[in-house]
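# Dropping a prediction and its sequence here:
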Amino acid sequence: MKNLPYLFLLTLALLLAGANRSTAQTNSAEDNRIVGVTTSKVEALAFLPSRNAPARVEALNHSRIPAEISAVVESFAVRVGDQFKKGDLLAELDCKDRQLELSNQNAQLARLTENLEFERRQFVRGKKLAAQKIIGEAELDRLKTNELIAEAQLNSQRAMHNSAEIGVQRCQILAPFNGITVGRIANVGEMVSVGSAIIEIVELDNSEVSVLVSLADAESFLGSNSFELESEGKRYSLKRRVLLPVVEETSRTREARLDFESTTALAGIAGRLYWYSPFYHLPANLLQQRNNRLGLFVMDGEKASFIETPNAQEGRPILLSDFERWRGKTIIVDGRHGLIDGQSVKPTKTITTERADNPQSNQPKEG
């Protein structure tokens, strides 16, 4: 009876040892088990994914044209929706007082012009008289001074005359560019002050696309040379102009501006911008996790080899930033679940359609 505890512990130890041997044999059998897999060359799976972002067509000039003088609105030459050319008349202000001022300045300019001519003739006569010793040098200096004063007065008057002319010109509101009227802000008969907006216009033939690019997509955006705006069922080819080096704090995006290559969309229209990544990717479902590492299984002779892809993200296409490193490798497609590094495998089917040599043949769009 005294040996019962000892016998019980010995029996339990033997049972546990047998279980461990059985488990080890099972694991060893699983490791040595040859798994049938479907494989594919990396060239058959690689593709250039597209990215997209919300975009909007922006007119480079959307202006509220102000009055440059204080006056009453007399008339409008265009209505909302009318198109016009640069320099066309848009509106007119009451200009009676400005025209009177210009007439007064014209009269003053004519008077001072005649006065200068008179002083010049006086000085010419004075030089002749001085040569004949009829007048002295002091008198000659006085005549020269009178001429210079008359010339200065005329120059001052010319400046005042030019200012009056500009005042008259500002009675007419002229188009600064080719465009269309989108709104009348003032009305006929209203008194407007300097700087008050009178009419709202938009430039038609000078627009670009504004898009907000996420920080994660900035690298592919900068590397791409193929951009398309899709809006209202139409597509427009674009070329990148700039990606602003400023991050919007709330959305964590950077604004980019693109120019139209040929056909231009209407200003204000919204859509989505698509561009193709310059880097090859593999389908996201091929990604596997082993020992807290993400990677792919490839064929290494008759065994499965796990290659880590440190830049990969679950649920997103797998970036192959160094494609030459992967070229020619055979990817394990089906049967990859449950594989371990170094496990024996046997290909049962191979996908042969190549895409990486013809990347434009498959460029699926992703949100």
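Okay, I see it. Numbers count the residues shown, from 1 in each chain.

# how's this protein carved up into domains?
What automatic domain parsing lists as the domains of the chain is 34-48+281-361, 51-60+206-276, 63-95+171-205, 96-169.

# Redo these as CSV? Include mean neighbour count.
Backbone N, C-alpha and C define where each C-beta goes, glycine included. As requested, those are exported to CSV (neighbours: other CB atoms under 10 Å):
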stretch, mean neighbour count
domain 34-48+281-361, 16
domain 51-60+206-276, 16
domain 63-95+171-205, 16
domain 96-169, 15
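
# does Phe177 sit in a helix, a strand or a coil?
Under DSSP: H, G, I helix; E, B strand; the rest coil, Phe177 falls in the coil class.

# Then Leu148 would be within a helix, right?
Yes. According to three-state DSSP, Leu148 belongs to a helix.

# follow-up on the earlier one: which one of the domains of the chain has the lowest average pLDDT?
Lowest mean pLDDT of these: domain 34-48+281-361, a mean of 83.

# where do the strands sit along the stretch 201-350 of the chain?
207-214, 227-231, 234-243, 253-260, 270-276, 280-282, 288-290, 293-300, 303-308, 318-320, 330-334, 345-351 (DSSP state E, counting those that start in this stretch).

# could you redo these as a markdown table and give each row distance to Leu129?
Shown next, in a markdown table, are those (distance: least, CB to CB, whole Å):
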| stretch | distance to Leu129 |
| --- | --- |
| strand 207-214 | 72 |
| strand 227-231 | 83 |
| strand 234-243 | 73 |
| strand 253-260 | 73 |
| strand 270-276 | 84 |
| strand 280-282 | 98 |
| strand 288-290 | 112 |
| strand 293-300 | 107 |
| strand 303-308 | 107 |
| strand 318-320 | 97 |
| strand 330-334 | 110 |
| strand 345-351 | 113 |
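
# Mind checking those for the one nearest to Ala159?
Closest to Ala159 of those, according to CB to CB: strand 207-214, at 40.6 Å.

# tilt between the closest one and strand 253-260?
150 degrees (axes from the mean of the first three to the mean of the last three CA atoms, to 10 degrees).

# quick one: strands adjacent to strand 207-214?
strand 50-59 (antiparallel), strand 253-260 (antiparallel) (DSSP bridges).

# To Pro310, which of the ones you listed lies closest?
strand 50-59 (20.9 Å).

# now the angle from that closest one to strand 227-231?
70 degrees.

# so the helix or strand following strand 50-59 versus strand 207-214, what angle?
Next along the chain after strand 50-59, taking DSSP states H and E as the criterion, comes strand 62-66. In terms of direction (the same axes, to 10 degrees), strand 62-66 departs from strand 207-214 by 120 degrees.

# just checking, next helix/strand downstream of strand 62-66?
strand 71-76.

# which strands and helices sit next to that next one?
strand 89-93, strand 191-192 (3 or more CB pairs under 8 Å, 6 or more residues apart in numbering; DSSP states H and E).

# Please save the CA atoms from stretch 35-47 in CSV.
Extracted in CSV, the C-alpha atoms of stretch 35-47 (Å, rounded to 0.1, in the frame of the first residue of the first chain):
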residue,chain,number,x,y,z
VAL,A,35,0.9,18.9,-50.0
GLY,A,36,-0.6,19.4,-53.5
VAL,A,37,-0.6,23.1,-54.5
THR,A,38,-1.5,25.3,-57.4
THR,A,39,1.3,27.5,-58.5
SER,A,40,1.9,30.4,-60.8
LYS,A,41,4.8,32.5,-62.1
VAL,A,42,4.9,35.9,-60.5
GLU,A,43,4.6,37.4,-64.0
ALA,A,44,1.2,35.8,-64.4
LEU,A,45,-0.1,37.4,-61.2
ALA,A,46,1.6,40.8,-61.0
PHE,A,47,-0.5,43.8,-62.1
